[in-house]
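Chemist: sequence and computational prediction follow.
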Amino acid sequence: MGHKTEEQLLQIDYAPPKRDWTDPSVDFEARKGTWSYPGKAKNLQYMGFPNPRDWSPTDADWQLPEGWEKIIHDGFKERLEKYRSLKVFMDICVRCGACADKCHFYIGSGDPKNMPVLRAELLRSIYRQDFTTTGKLLGALGGSRKLTPEVLKEWFYYFFQCTECRRCSVFCPYGIDTAEITMLARELLNLVGLNINWVMEPVANCHRTGNHLGIEPHTFKDNIDFLMDELADITGVRCEPSINRKGAEILFVIPSADYFADPGIYTFMGYMLLFKYLDLDITLSAYASEGGNFGLFTSHDTIKKLNYKVYHEAKRLGVKWLIGGECGHMWRVLHQYMNTMNGPVDFLEVPKSPITGTVFDNARSAKIIHICEFTADLIKNGKLKLDPSRNDHRRVTFHDSCNPARAMGLFEEPRYVLKAACNHFFEMPENTIREQTFCCAGGAGLGNDENMEMRLRGGLPRGSAVRYVRDKHGVNTLSCVCAIDRATLSGLCEYWAPEVGVSGVHELLGNALVMPGENERPTDLRGTPIAAREGADHA
Amino acid sequence: MRIVLALVAVGVLAGIAWAGGQSPAMQAFLAIVAPYVAIAVFVVGIGARVIGWARSAVPFRIPTTCGQERSLSFIRFSPLDNPSSSLGAVGRMALEVLTFRSLFRNTRAELKPGGRLVYSSDKWLWAGALLFHYSFLAVFLRHYRFFVEPVPKVIAVLQGLDGFFQVGVPVFFLTSFGLIAGLGYLLARRLVDARMRYLSLPADYFPLFLLLGIALTGIGMRHLWKVDIVRVKELAIGLVNFHPAVPQGVGPLFYVHLFLVSALLAYFPFSKLVHMAGVFLSPTRNLANNNRAVRHLNPWNPPIVGHTYAEWEEEFHDKMKAAGLPLDRE
């Protein structure tokens, strides 16, 4: 991992290789650092997924199950009937190539199979062979390929080299969405036991304990108590968030990294200060202790299975509505899937801010709002006393996380919060933000260490834009609304844009929020002296 | 290789028509049988395609959002790039189909020394695609004049506009030029750009050569090797009224033109050209981003129940009790 120097990584050859793309072979040995370890048997067994075994992509024999060709064929057929998206996307691509240089993995690697068009062709070539008459008749001339173990290996390599960020879909004249293609390709791979452990382990954990990290309820409480002690030390204000409290007005759902690891914990502190400030009737849940959902990187059924707990818990606790914290793919699920999969939620009420009276009509059916929607409304209504100068040591930019950007359109709410909480805010170049934002290259389960070379390559476009604002405006803080971002961008910045740290939006809000009865606050939530303007905050 | 293959395929089609156009037996096939078969294949084929797509479910509402969502009253949202209603989605679709909205966003990424990435606006593909599609539409509509008598006013007006500059006798149509230029650009970028060459299939070159063949023979007949237009119109009207007769003395070039058009129609439903119909069914573009406001229904929503609270509490009961967490079951 990271065994290549920056110069070596930047030797990117965009000239296509001699070898035709229809040749599926992948040399996993030579490409170490660009793929993820396979799912461990115990995790597959726990979830009841097919073909559990311990194996390695470098093995010659991947121990596919008996009749794997038929399993894939039938699985493909079933999904063509269940998903119009798949069928239409298989049929209408004209290979115009507009998507080619929109993918961060293509930009960072030059590997032509990372062009979204070719990534889809890997699947499409089999589709033509198996499901179209012309494809069958014309064979290779028509761009068809036969399904072989080599093709499956190639699928494994390239469909676990897509972060489902949807940037290509923005530029496609037909809206062909590689995220959708990758999701369904991964479903097919899962049918024969091909998946990665960095997805499977969180899935299994989440099913058992309620969260990806496998944190059990008593530890959940311990972690939060510990964080609240820290927070009291810094601010002099003791927050006592409730857990599994029945009858609370609101259930708060967050990614588990927020109460587990640096730098997410500072975002968590920000949330807690806000709720304390408002005296909000809100509860956390140790059961619904994860808003994130690695089912999204596994299969639609798994999304539904893991997300079951959110509404189930809301009903059990008798809350009126929900707020979701800062997490990217969690919001893809909460916004685009949850209501359909786990609804209808007639036992909840339309979200209404008890502080401002604002009714969140945009969430009238799903009954869940984004914390940035909630906070922006508070600020607009003058309900928060903020001292943005307490963020003066931070020169801040905002990274739009893929899913809130391209599967929701949450652009202005976090910016509204940031601009109120910070005096120094700067945008990255326009082709790298909002709907054109670049992925952290660690989403969709790829944020593991063994895949580090590919993460750094895929992170080049984001890293380059961060470096640009660092050099131009002295930016030292990359803020975002995503837990995976907070985890992966920290390492990415260290590599491509040193001296830039990563913060959640509500961490910065927490810094600025003037709490009644608070101490003089010489440091921010991280313990970094507020007065010290020189030197980057590099937690 | 893929290019040559496509070119040869079009060449063979043209050759068949050229040779056949000079034999009376084949003339009936080329002028009457082939067009009817082609139209039938086109209509049935496209119909089958659309029905096939429509029969597949839309389990989730997954628009790709390209603008601000509608949320708080004081934040301006993007009604067309991120529609919150069906009407907005119709508007988004119209913008996509009529103006190629997404292609208009196109950029080119370039890696500069030191790992600096620069993105520049790249509207050539958008312009070339628009030029081709609108020229083709105009040419298509102009041909309506062959099928009816008298020629409708609208078509005459369109033709008048198209020949606005009054160059040549007969007048050279702007869209004839547009069609050739558009096709030429779309072909050239596939040939010149190594990346495009790498990913292009014979199925990408074939329709371009076919359309170029159609356009060039059409222009040839109008300006260079003029055909007897009266005879052509008789055939066209005959075809429409189902009593066609083989036209006399129209020359082989006309048969090449007509046969390539027939080939295009018959090829259409089996090719990537179905994007014409398919774009309307793309779930990332034709749905409103209002998932939280209006519940989308999945027709095959599977009855999956996750790990229930009761099961969960069962497993962690003692630890929770020790930690003082509330329990449903004491």
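Modeler: Sure, I can see it.
Chemist: smallest gap between the stretch 251-400 of chain A and chain B, at which residue?
Modeler: Residue of the stretch 251-400 of chain A nearest chain B, by C-beta to the nearest C-beta: A:Tyr308 (2.8 Å). Every C-beta, even on glycine, is put in place using the N, C-alpha and C of the backbone.
Chemist: how close does that residue get to A:Ala483?
Modeler: According to C-beta to C-beta, to the nearest Å, A:Tyr308 stands 20 Å off from A:Ala483.
Chemist: now do the same contact list for the residue of the stretch 251-400 of chain A closest to chain B.
Modeler: A:Asn342, B:Ile304, B:Val305, B:Gly306, B:His307, B:Thr308 (C-beta atoms under 8 Å, 6 or more residues apart in numbering or on different chains).
Chemist: what parts of the stretch 151-300 of chain A come near chain B?
Modeler: A:166, A:169-177, A:180, A:207-210, A:216-218, A:221-222, A:243-246, A:286-287, A:300 (C-beta under 8 Å from any C-beta of the partner chain).
Chemist: which ChimeraX command selects the buried ones in the residues you listed?
Modeler: Per 16 or more other C-beta atoms under 10 Å in any protein chain shown, the buried members of these correspond to this ChimeraX selection:
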select /A:166,169,170,171,172,173,174,175,176,177,180,207,208,209,210,216,217,218,221,243,244,245,286,287,300
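Chemist: domain parsing for chain A?
Modeler: Chain A breaks down into these domains under automatic domain parsing: A:6-30+A:50-194, A:204-512.
Chemist: I'd like the ones you listed as JSON lines, with distance to B:Cys66 and mean pLDDT appended.
Modeler: JSON lines is the format used below for the domains of chain A (distance: least, C-beta to C-beta, whole Å; pLDDT from 0 to 100):
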{"stretch": "domain A:6-30+A:50-194", "distance to B:Cys66": "5", "mean pLDDT": "97"}
{"stretch": "domain A:204-512", "distance to B:Cys66": "4", "mean pLDDT": "97"}
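Chemist: leaving out sequence neighbours, find the closest residue to the residue of the stretch 51-200 of chain B found nearest chain A.
Modeler: In the stretch 51-200 of chain B, the residue that lies nearest chain A is B:Glu69 (3.3 Å; C-beta to the nearest C-beta). Spatial nearest neighbour of B:Glu69, excluding adjacent residues (C-beta to C-beta, 6 or more residues apart in numbering or on different chains): A:Gly409 at 3.3 Å.
Chemist: any idea how far B:Val58 is from the one you found?
Modeler: A:Gly409 is 20 Å from B:Val58, by C-beta to C-beta.
Chemist: how about the nearest residue to A:Gly210 once chain neighbours are set aside, secondary structure?
Modeler: Using C-beta to C-beta, 6+ apart and skipping residues adjacent in sequence, the residue nearest A:Gly210 is A:Ser289, 4.4 Å away. Of the three states, A:Ser289 takes coil under DSSP: H, G, I helix; E, B strand; the rest coil.
Chemist: which residues sit in contact with A:Ser289?
Modeler: Applying C-beta under 8 Å, 6+ apart, the residues near A:Ser289 are A:Thr209, A:Gly210, A:Asn211, A:Ile215, A:Pro217, A:Phe220, A:Ser256.
Chemist: the stretch 201-330 of chain B: helices as residue ranges?
Modeler: B:202-223, B:229-240, B:252-267, B:275-278, B:309-323 (DSSP state H, counting those that start in this stretch).
Chemist: can you give me the buried ones in the fourth one?
Modeler: Same thing as helix B:275-278. Neighbour counts over helix B:275-278 (16+ other C-beta under 10 Å) mark B:His275, B:Ala277, B:Gly278 as buried.
Chemist: report pLDDT for the last one.
Modeler: Among the per-residue scores, B:Gly278 holds a pLDDT of 97.
Chemist: quick check, it in contact with A:Asp91.
Modeler: Yes: here B:Gly278 reaches A:Asp91: they are 5.8 Å apart, a contact under C-beta atoms under 8 Å.
Chemist: which neighbours do those two share?
Modeler: With C-beta under 8 Å, 6+ apart as the test, B:Gly278 and A:Asp91 both reach B:Arg49, B:Trp53.
Chemist: how many residues are close by the closest residue to A:Asn342 other than its chain neighbours?
Modeler: Spatial nearest neighbour of A:Asn342, excluding adjacent residues (C-beta to C-beta, 6+ apart): A:Tyr311 at 4.8 Å. When neighbours are counted by other C-beta atoms under 10 Å in any protein chain shown, A:Tyr311 registers 24.
Chemist: same check on A:Arg521?
Modeler: 17.
Chemist: ditto for A:Lys385
Modeler: 11.
Chemist: I'd assumed A:Leu513 was in contact with it.
Modeler: Yes: if you go by C-beta under 8 Å, A:Lys385 and A:Leu513 touch, sitting 7.3 Å apart.
Chemist: could the C-alpha coordinates of stretch A:200-211 be exported in CSV?
Modeler: Output of stretch A:200-211 as CSV, limited to C-alpha atoms (Å, rounded to 0.1, in the frame of the first residue of the first chain):
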residue,chain,number,x,y,z
MET,A,200,-19.2,-8.3,3.8
GLU,A,201,-17.8,-7.7,7.3
PRO,A,202,-19.7,-4.5,7.8
VAL,A,203,-22.8,-6.1,6.4
ALA,A,204,-22.6,-9.1,8.8
ASN,A,205,-21.7,-6.8,11.7
CYS,A,206,-24.6,-4.4,10.9
HIS,A,207,-27.0,-7.3,10.8
ARG,A,208,-26.0,-8.6,14.2
THR,A,209,-25.2,-5.5,16.2
GLY,A,210,-27.0,-2.8,14.3
ASN,A,211,-23.8,-1.1,13.0
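Chemist: returning to that earlier point: the more surrounded of A:Gly409 and B:Val58?
Modeler: A count of neighbours by other C-beta under 10 Å puts A:Gly409 above the other of A:Gly409 and B:Val58, at 28 against 20.
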